[in-house]
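1. just the structure for this:
(one chain, ligands or ions: 1)
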Amino acid sequence: MAEAILGSEFPEPPGVARNAALMQRFAAQLGAQGRRVVLITSGGTKVPLEARTVRFLDNFSSGRRGAASAESFLRAGYGVLFLHRARSAFPFAHHFPPQAWLSALRPARSEPEGPGGRLLLEAEAAALPGFADALLSYQDAANAGTFLAVEFTTLNDYLHLLQAAAQALSPLGSNAMFYLAAAVSDFYVPASEMPEHKIQSSGGPLQITMKMVPKMLSPLVKDWAPKAFVISFKLETDPSVVIDHARKALETYCHQVVVANILESRRSYVVIVTKDSETQLSLSDEEMEKGMEIEEKIVSNLQSRHIAFINEKN
Ligand code: 9Z3
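-> Reported below is the predicted structural model:
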């Protein structure tokens with residue numbers, strides 16, 4: 001089925017069918033509980049330039065927006081399907097880079113000694129503030145079955161997994177939300193035009209023509225999950241065009257919300273754009289100093305809109 005929409009230029013990567021089955025089971029379990037479920041896409045995509053890939057086109061996205069939003073949605077009681085770029089920011093872990101815990105955690109003792117025993121670790125609480133709470137929150141969600149993480153690396157992985165995820169969540173109707181925060185490449189080199197081997201510099205300066213990636217928002221809204229509440233993100237570097245572009249996206253795809261943001265200010269300012277409203281959300285210096293993240297405000301705003309959307313449909 002994926003092949004029919006994505007075409008032979010996007011051959012199905014290995015592992016998609018297994019992930020599709022996992023996502024379907026996850027959605028069915030949470031659907032049976034009547035829970036709202038959000039699919040979060042997060043991180044950038046890698047676009048190979050050679051079949052045996054040495055070089056690729058990538059982008060800036062760190063995945064922090066998606067990871068912080070996943071934490072807020074879990075706190076709000078949502079089931080979270082986290083479709084993320086491998087090695088980008090991960091919920092509950094992204095506040096704690098290895099440099100922080102490698103020096104703060106010390107092996108205390110193991111009981112009994114040896115690999116079969118229990119390893120106890122200790123740290124000064126002040127050296128890893130929030131670490132124990134983060135571990136507990138993650139483990140609670142994992143044990144309750146309210147969090148499922150699925151990884152992608154390339155654009156092709158992403159496109160196939162997005163389709164599979166949308167189809168898995170579709171049976172939840174308006175209880176499903178799509179929160180498409182991943183920074184997906186607009187351009188790719190089709191498999192049929194890609195050199196197999198490493199491009200040689202002896203060939204002189206490199207010129208590449210890339211094709212446009214099909215816009216997945218269109219089939220998602222029309223066919224894959226037509227009853228869901230759909231949010232896309234619009235990123236620009238020029239503040240004078242971003243709201244216009246967000247409005248154009250709403251007109252083109254007929255979904256519910258676009259979150260507009262500018263590269264440099266994305267951690268402290270966004271605009272929630274709907275067909276008939278524009279809501280600015282920002283973090284004050286004081287809120288930033290306290291460690292608050294703008295995703296708390298984004299998620300709270302979108303949760304209210306989602307509930308209103310569900311009530312309107314019923
Ligand atoms: C976003 O705009 C996200 O907010 C960011 C988050 C990628 C800026 P980080 O991952 O950054 O926390 O570092 N995502 C969507 C970006 C995008 O490429 N959107 C497409 C577009 O603007 C439409 S889907 O054309």
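
2. from here on, just use CA atoms for contacts and neighbour counts.
-> Fine.

3. give me the neighbour count for residue 84.
-> Number of residues near residue 84 (other C-alpha atoms under 10 Å) recorded here: 26.

4. quick one: the top helix by length along the chain to chain centroid distance?
-> Assignment by DSSP state H gives helix 294-313 as the longest helix of the chain. Remark: helix 294-313 is offset 18 Å from the chain centroid, using C-alpha atoms, centre = their mean, to the nearest Å.

5. report whether that helix contacts the ligand.
-> No: if you take C-alpha under 6 Å from any ligand atom as the test, helix 294-313 misses the ligand, and the best it gets is 9.7 Å.

6. list the buried ones in that helix?
-> Using 16 or more other C-alpha atoms under 10 Å as the burial criterion, the residues of helix 294-313 that qualify are 294-299, 302-303, 306, 309-310.

7. what comes into contact with it?
-> 65, 68-69, 72-73, 174-175, 177, 229, 267-269, 281-283 (C-alpha atoms under 8 Å, 6 or more residues apart in numbering).

8. generate a PyMOL selection restricted to the buried subset of those.
-> For the buried members of the contacts of helix 294-313, the matching PyMOL selection, counting by 16+ other C-alpha under 10 Å, is:
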select buried, resi 65+68+69+72+73+174+175+177+229+267+268+269+282+283
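
9. and residue 246, what does it touch?
-> By C-alpha under 8 Å, 6+ apart, the contact set of residue 246 is 234, 258-260, 273.

10. per-residue confidence for it?
-> If you check residue 246, the pLDDT there is 98.

11. surely it is within a helix?
-> Yes: Residue 246 forms part of a helix when assessed by DSSP: H, G, I helix; E, B strand; the rest coil.

12. distance of it relative to residue 258?
-> 6 Å (C-alpha to C-alpha, to the nearest Å).

13. check residue 84 too.
-> 20 Å.

14. next one: residue 88
-> From residue 88 over to residue 258 the distance is 23 Å, taken as C-alpha to C-alpha.

15. list phi and psi for the residue nearest to residue 274 when sequence neighbours are not counted.
-> Nearest residue to residue 274 in three dimensions, chain neighbours excluded: residue 257, at 4.9 Å (C-alpha to C-alpha, 6 or more residues apart in numbering). Note on residue 257: its backbone torsions stand at phi -140, psi 140 [degrees, to the nearest 10].

16. ditto for residue 99
-> As for residue 99, its main-chain torsions (degrees, to the nearest 10) stand at phi -60, psi -30.

17. hang on, the earlier thing: what sits in contact with each of residue 246 and residue 258?
-> Contacts common to residue 246 and residue 258, judged by C-alpha under 8 Å, 6+ apart, are 234, 273.

18. name the helices or strands packed onto the helix or strand hosting residue 31?
-> Taking DSSP states H and E as the criterion, residue 31 maps to helix 16-32. Applying 3 or more C-alpha pairs under 8 Å, 6 or more residues apart in numbering; DSSP states H and E, one finds that helix 16-32 makes contact with strand 37-42, strand 147-152, helix 155-169.

19. tell me the buried residues in it?
-> 16, 19-20, 22-24, 26-28, 30-31.

20. these: which ones sit near the ligand?
-> When C-alpha under 6 Å from any ligand atom is applied, no member of the buried residues of helix 16-32 is adjacent to the ligand.

21. need those residues in a markdown table (columns: distance to residue 158 and pLDDT).
-> Shown next, in a markdown table, are the buried residues of helix 16-32 (distance: C-alpha to C-alpha, whole Å; pLDDT from 0 to 100):
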| residue | distance to residue 158 | pLDDT |
| --- | --- | --- |
| 16 | 10 | 97 |
| 19 | 12 | 98 |
| 20 | 12 | 98 |
| 22 | 16 | 98 |
| 23 | 14 | 98 |
| 24 | 17 | 98 |
| 26 | 19 | 98 |
| 27 | 19 | 98 |
| 28 | 22 | 98 |
| 30 | 23 | 98 |
| 31 | 24 | 97 |
